[in-house]
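[1] Need the 3D shape of this:
(chains A and B)
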Amino acid sequence: MSSVHAVEVSNLTKIYSGGVVGVRELSFNVYPGEIYALIGPNGSGKTTTLRIIATLIKPTRGALRVFGVDVAREPLKARSLLAYLPEEAGAYRDLTGLDFIRFMLSLRFTGRRLEEAVSEAIEISSLEGGLKRPVRTYSKGMKRLLALSAVLASRPRLLILDEPTAGLDVERSLQVRDLVKRYNRELGVTVLLSSHNMLEVEYLAHRVGMLYRGRLIGEGSPGELKKKLTASNLEEVFVKLKTTSGG
Amino acid sequence: MVLGVLVKREVKAFMKNPAFIFSLVLIVVMYSVVFGIMRAGVEQAVTEAGRISIGVVVANRTRLVDELLYLLNGTTGGRIKLYNSLGEAVEELGVGVVIPSNIEELVESGRVELRGSVKVYSVSLMSAQSRLLVLDTVRALVEQLLPVAYSRVYNVTLPPSTRVLVTSSVVYYEREFSSQGFVFISNIISALPMLIGIIIGTNAGYATQLVAFEKAEKAFEMLLSQPIKRSRVVLAKIIGASVASIIFAAAYFAGLLIPLVLLPPPQGSGNRLADVPAPVGAEVSGIDLVTGVVVPTVLSLVLGLFSSGSLGILLGSLVSDERTAGVLISPVVLIYMGLGFAIMFLGFELNYALSVISGVLVVALPSLYAASLLADRPIYALVGVGSAVLTCLVLVALTVVVFNRDIVVLGVRIKLKKSE
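    From the prediction side, this is the model:
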């Protein structure tokens, strides 16, 4: 493993206005080339953490680096290293799928590199003729694939995915998971994702971080965690960790 | 039954929206103030026209003139006052008229030319017109009473064809303009705030839409996580909304102008003030149309589009759904438009406070600019433009700052306390 972590989160705290705690004293590292999954119930701080890493919101306290770049001090540089797919990510309804891909990628690339990236996104999306239709005619799954293809074709070093398969049918979910796994394996893209779906996490993630009420209550590979807590799946792991942490 | 449930749900969606409640309060306050001011202005103009005394300068006192003055004074309820000069009369009473020394000869020739002048303190549709109307009323009275006075003095009945005209001028901040030129320019100046108000009000709405829809489409966070400066995102949205607003304005004005071009012009001019040339020494319009009207209008439009665009984006970025955004921006749109209408009727006097307000709100800036050039007091135009530029910069900077804060992603949540 490289000495520079893909993501280095240290004592991260986010308190929203009104005193609502997003995350508290959160620390974890993501190694380059791995898939790291944050799992936990609603309101546990998954989206808050991902948004902070994606430079969308600022931490109240704590340090955060993406490939050695301080996210708070150099957000623009950090953004050039990462790509973020928000939960329920959509696309501009008035554009065609192809125009959306071209628009998103033209924010990063120009000239020949842009054309290559657009071709790559077209291939990834596997939407074919559908790309010429306006996005407003797309199903939820098509929109997610479109957004994911634009994100993947931007070839980020760090890919941040917030609930990438939430609300998708089985077929589309498999398609999304396979794409993520392929880009990680073939191109070495580091992936940080959040999910409710423990089966998905077991299939995808090298390591998981379990969040509960803004705190990390457990971390490790799915196999290690199951073995350590003598659980048959990650759901059981989570329940046991939650109980031991006083939840 | 089902329809009732559906309607109840739709109405409830508005009633539970704090932005809707806020906009209701704002709009009631705003339009109460605007219409209050407009009503007061119109009432003041009407009252003034009804009560104003008329300063009359007599170049040569003859029996005919004395008889005419006697009849005029009686008809107007004692509102005729004599002065030694037109300047003095206008300065004191606001309306003055000179009865020429050779009035007897003119009456016999069938055409009497009076010289009149009015003083105004602001440029609006009402200000000069209301006083010129008083002058025209005097002209009409003289036309009616002159044959009566002549027959009383000379015991000769004049044919009813004696025509009385007034060569009139308008005094504005110690400068004298021909009435036609001043009315023409003040009509243009007065209409500008309304036009600017419509365009920049629409622009604020468009700008809010851009952000609100982007949030609704769930593409906003993806855009913000791209390696581009947020200031560029803001600037692109301002320019995008401005382009849409300019296209809207072109369509709007085309709609307004097409009937004007197609319809035949109205026959006759009801006001004989327009039939006579400008008095010697009076300026026709006082300002160059390009530098005094077109340039400040374009400048105001650019500044207004940037200011209202920033404001729209700011509001759109502070809320997390397009329904709230729409409700929140509606009063802003109406405020811009309402101000435009109010200023068109009221005008304003030149002073530093109003110059700053005109600059901040931008809507009245072209009027202020042109009026201050008319008055030969360019300092007010400078103060207005300076305020507008500063406001524009502050709003753009504020929007960029907000775009770099959590609030742009999280939105503001207004919670109304539930009554138990």
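
[2] Lowest mean pLDDT among the helices and strands, pick that one out for chain B.
    The weakest-scoring helix or strand in chain B, judged by mean pLDDT, DSSP states H and E, is helix B:18-51 (a mean of 73).

[3] Now do the contacts for B:Gly116.
    Remark: with contacts taken as Cβ atoms under 8 Å, 6 or more residues apart in numbering or on different chains, B:Gly116 is in contact with B:86, B:95-98, B:135, B:138-139, B:166-169. Placement of C-beta: from N, CA and C, glycine included.

[4] circling back to that earlier point, show me what the least confident helix or strand of chain B is packed up against.
    When contacts are defined as 3 or more Cβ pairs under 8 Å, 6 or more residues apart in numbering or on different chains; DSSP states H and E, helix B:18-51 sits against helix B:127-154, helix B:322-346.

[5] Quick check: the residue nearest the centre of chain A vs chain B, distance?
    With distances taken as Cα atoms, centre = their mean, chain A has A:Leu161 as the residue nearest its mean C-alpha position (2.0 Å). Plainly put, A:Leu161 is 12 Å away from chain B if you go by Cβ to the nearest Cβ, to the nearest Å.

[6] doesn't A:Glu87 make contact with that residue?
    No: the pair A:Leu161 / A:Glu87 is not scored as a contact, 9.1 Å apart, by Cβ atoms under 8 Å.

[7] Overlap in contacts, those two.
    Both A:Leu161 and A:Glu87 are contacted by A:Ser194, under the criterion Cβ under 8 Å, 6+ apart.

[8] Show the end-to-end separation of stretch A:99-112, please.
    When the termini of stretch A:99-112 are compared using Cα to Cα, to the nearest Å, they are 17 Å apart.

[9] Run through who's touching that stretch.
    Under the contact criterion Cβ under 8 Å, 6+ apart, stretch A:99-112 has outside partners A:80, A:91-92, A:95, A:114, A:116-118, A:121-122, A:125, A:131, A:135, A:146, A:149-151, A:153-154, B:222-223, B:226-228.

[10] mind running it again at 6 Å?
    Among residues not part of stretch A:99-112, those counted as contacts by Cβ atoms under 6 Å, 6 or more residues apart in numbering or on different chains are A:91-92, A:114, A:117-118, A:121, A:135, A:150, A:154, B:226, B:228.

[11] same question for it, mean pLDDT?
    The average pLDDT within stretch A:99-112 is 94.

[12] and if you look at stretch B:385-393?
    Throughout stretch B:385-393, pLDDT has a mean value of 97.

[13] so A:Val208 sits in a strand?
    Yes: if the criterion is DSSP: H, G, I helix; E, B strand; the rest coil, then A:Val208 is within a strand.

[14] what about it, neighbour count?
    The local packing of A:Val208 (other Cβ atoms under 10 Å in any protein chain shown) involves 28 other residues.

[15] got the contact list for it?
    Per Cβ under 6 Å, 6+ apart, neighbours of A:Val208: A:37, A:39, A:201.

[16] so where do the strands sit in the chain?
    I'll assume chain A. For chain A, the strands defined by DSSP state E cover A:7-15, A:21-30, A:35-39, A:61-66, A:69-70, A:82-85, A:158-162, A:190-195, A:207-212, A:215-220.

[17] look at chain B instead
    B:54-58, B:80-83, B:95-99, B:111-120, B:163-172, B:175-178.

[18] how about low-confidence regions in the chain?
    Let's take chain A. Of all residues in chain A, those with pLDDT under 70 make up the ranges A:1-3, A:246-247.

[19] ah, I was thinking of chain B
    Applying pLDDT under 70 to the predicted model, the residue ranges of chain B that meet it are B:1, B:17-19, B:23, B:27, B:38, B:49, B:160, B:263-286, B:413-420.

[20] Tell me the residues of it that contact chain A?
    Taking Cβ under 6 Å from any Cβ of the partner chain as the criterion, chain B approaches chain A at residues B:217-219, B:221-222, B:224-228, B:406, B:409.

[21] at 8 Å what do you get?
    Within chain B, the residues that sit near chain A (Cβ under 8 Å from any Cβ of the partner chain) are B:213-214, B:217-219, B:221-229, B:405-406, B:409-410.

[22] Going by neighbour count, which of those are buried?
    Listed as buried from the residues of chain B next to chain A are B:213-214, B:217-219, B:221-228, B:406, B:409-410; burial here means 16 or more other Cβ atoms under 10 Å in any protein chain shown.
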